[in-house]
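# take a look and give me a structure for this.
(chains A and B)
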Amino acid sequence: MTAPAEGRPPALALDGVSVVRGGRTVWSQGTFTVRPGAVVGVIGPNGAGKTTLFQLALGLLPPASGRLEVLGAPPRRGNRRIGYVPQSYTSALGEAVRCRDLVTLGLTGGRFGLRRTSAAERARVDEALARVGASAYADRRMSELSGGQQQRVAIAQAIVDDAELLLLDEPLANLDLRNQQEIVRLLGELHREHDVTIMVVAHDLNPLLPVLTDAIYLLDAHPHHDEIGEVVQEELLTHLYGTPVGVVRTAQGDLFTRAAWRDPQR
Amino acid sequence: MTVLAVEFQSNWLEILQSSFMQHALIGGSLVAVAAGLLGYFVITRQNAFAAHALAHIGFPGATGAILIGAPVTLGLAVFCVVGGLLIGLFGRRVSDREMATGTILALATALGVLFASLASANASTTTSVLFGNLLAISDDQLLVFAAFTAAVVLALAVIARPLVFASVDPAVAEARGVPVRALGIAFVVLLALTITMAVQVVGTLLLFALVVTPAATALRLTARPALVAVNAVALALVSVWGGLVLSAMVDLPPSFFIVSLAVLAWLVVLAWSGRRLRSPGPPLVDAHHPH
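The predicted structure follows:
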């Protein structure tokens, strides 16, 4: 399932990176490499600096120390090779845009001056909407859609410019079980069929486990990177979340975590 | 004794051709174009309160200008632009901005009252700032209006697309290298120029009806940004023209009719779209749903 990585630079490479925000060190000693074609869960407790890692990669925040490369080059704002879906993506959007307009902005939104969207650009927008399964509601307003549908449109906007690296911040938050699975399946498709490297910030690993190849976990103010199988261990997760976490392996090889705390009254 | 004197003026067509009405038509149209174009952004950037406040911040500019004998338009423009930049400095979080805006608004209104009192400006001057005086637009004011509207139209021609991106989707726009902050400052300056004009047409207190209401109405009809702008301009123009015609017919202040028409259009569209939204539309299904 892993894409061949020969000849391609790492999707993300950190060497002794630390981040300071508002005078406080968010995390330090970040040294790891994300190979191209990986699907990486970024996990850790609230406030550990998961979103901050994305901001580094997007060039929105400079590292306080250390070296950092994204897709083989120093990070810079406006890197068209990165697609980004921020957290609670849709809260700022009211009823003022159609899905199609929003995806089009992902392609042409940075362009100054008057020029109509070309037929070729419109075709790319249609293709991105089709790829995420959002064609049926492309002409609807964002505010008319369900959370899962909005998330699909957001992903369409992130991939419309053929991003090689997708950064998704809590894409499963506020989605019901079915919609969570649909989005995870979509990520799996993008990964398999288009060889996109995907990094997903998530507070709950379970729904993502079917597609994750690796994880970055923020523990004791340091980021650690490992294969997913090495990360899903009771001791590590219990330490990471600061509350008892169990790991269950079924006969079919499925893996999931569960809260190990039980109500003594029951 | 006449308590209520509303009388139809049969010579209203002649009145419309008089020079003060011609000034009003041209001036009002220029304002309608600028206000209609900016309305979409005022709404998507959640700047409606800031727009309202800017109009009030112009009040001390106008009375201050009278105090020192400067042109009212200049006083309005300076206060609106500086006020807009100050509001823009106070972060992007709506809650922070609202507090700052409200505080600056209160200070500005207090200054306006002080200046008006110091300048012993007569009541009619203050009234024309608060409620607009479209029928007293001078040649000089028309030139300024033309320049301001040209500036708004030309600037928007250049920045419209990234400004839409930065307004509806600021986090992604910033990551994509769009200069979100610089665009925000440019927008506030354009808004200040537009408000400087609009205050002279409908006044500080009624400004909402030209800057926000037409765009809000248009937004109920369509969500395509360019179409919203075109519709909002059309609605603002119809309100201004209709208001002036009605004002010529019955000799009442045009502000009243302009605002009433804009609000009427909004109510009609609201009722219509409300009914449309309640009626069962085509089912929304997930195309990807496997079942």
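# how many other residues sit next to residue B:229?
Residues within reach of residue B:229, counting by other C-beta atoms under 10 Å in any protein chain shown, total 22. Using the backbone N, CA and C atoms, a C-beta is placed for each residue, glycine as well.
# so which elements touch whichever strand or helix holds it?
Assigned by DSSP states H and E, residue B:229 falls within helix B:225-250. Helices and strands touching helix B:225-250, by 3 or more C-beta pairs under 8 Å, 6 or more residues apart in numbering or on different chains; DSSP states H and E, are helix B:12-17, helix B:19-44, helix B:208-211, helix B:213-221, helix B:254-278.
# now with 7 Å?
Contact analysis of helix B:225-250 by 3 or more C-beta pairs under 7 Å, 6 or more residues apart in numbering or on different chains; DSSP states H and E lists helix B:12-17, helix B:19-44, helix B:213-221, helix B:254-278 as its packing neighbours.
# got the contact list for residue A:208?
By C-beta atoms under 7 Å, 6 or more residues apart in numbering or on different chains, the residues touching residue A:208 are A:41, A:184, A:200, A:202.
# my read: the second one touches residue A:209, true?
No: shown here, residue A:184 and residue A:209 do not form a contact pair, counting by C-beta atoms under 7 Å, at 8.9 Å.
# next, count neighbours for residue A:13.
Residues near residue A:13, counting by other C-beta under 10 Å: 18.
# now residue A:230
Residue A:230, neighbours per other C-beta under 10 Å, totals 12.
# ok, the residue in chain A that chain B sits nearest to to residue A:114 distance?
Per C-beta to the nearest C-beta, residue A:78 is where chain A lies closest to chain B, at 1.9 Å. Separation of residue A:78 from residue A:114 (C-beta to C-beta, to the nearest Å): 21 Å.
# if you count what's nearby, which of these two comes out ahead?
residue A:78 (15 against 10).
# quick one: secondary structure of that one?
What DSSP: H, G, I helix; E, B strand; the rest coil gives for residue A:78 is coil.
# check contacts around the residue lying closest to it once chain neighbours are set aside.
Leaving out its chain neighbours, the residue that sits closest to residue A:78 by C-beta to C-beta, 6 or more residues apart in numbering or on different chains is residue B:177, at 1.9 Å. For residue B:177, the contacting residues are A:77, A:78, A:110, by C-beta under 7 Å, 6+ apart.
# contacts only, for the last one.
Pointing back at residue A:110 there. A:78, B:162, B:165, B:176, B:177, B:178.
# most neighbours among the contacts of residue A:208, which one?
residue A:200 (26 neighbours).
# show me how far stretch A:183-197 is from its chain's centre.
In terms of C-alpha atoms, centre = their mean, to the nearest Å, the centre of stretch A:183-197 is set 11 Å apart from its chain centre.
# what about that stretch, average pLDDT?
Taken as a whole, stretch A:183-197 has an average pLDDT of 92.
# okay, now the closest residue to residue B:270 other than its chain neighbours: neighbour count?
Nearest non-adjacent residue to residue B:270, counting by C-beta to C-beta, 6+ apart: residue B:220, 6.4 Å away. For residue B:220, the number of neighbouring residues by other C-beta under 10 Å comes to 19.
# kindly report the same for residue B:150.
Neighbours of residue B:150 using other C-beta under 10 Å come to 13.
# angle of the strand or helix carrying it against helix B:225-250?
Applying DSSP H and E as the criterion places residue B:150 in helix B:139-168. Between helix B:139-168 and helix B:225-250, the angle formed by their directions is 150 degrees, by axes from the mean of the first three to the mean of the last three C-alpha atoms, to 10 degrees.
# for helix B:139-168, which helices and strands make contact with it?
If you count contacts as 3+ C-beta pairs under 7 Å, 6+ apart, helix B:139-168 packs onto helix A:99-108, helix B:19-44, helix B:180-202.
# in that helix, what's buried?
For helix B:139-168, burial by neighbour count (16 or more other C-beta atoms under 10 Å in any protein chain shown) applies to B:141-142, B:144-145, B:148-149, B:152, B:155-156, B:159-168.
# what's the following helix or strand after it?
Following helix B:139-168 in sequence, per DSSP H and E, is helix B:170-175.
# tell me who's in contact with residue B:42.
Contact partners of residue B:42, counting by C-beta under 7 Å, 6+ apart, are B:48, B:51, B:191, B:211, B:212, B:215.
# where's it relative to residue B:54, distance?
Distance, residue B:42 to residue B:54, using C-beta to C-beta: 10 Å.
# so, low pLDDT: which residues of the chain?
Went with chain A since none was named. A:1-6, A:89-94, A:251-256, A:260-261, A:266 (pLDDT under 70).
# right idea, wrong chain: chain B
Within chain B, the stretches with pLDDT under 70 are B:1-5, B:90-94, B:121-123, B:275-291.
# sweet, I'm off.
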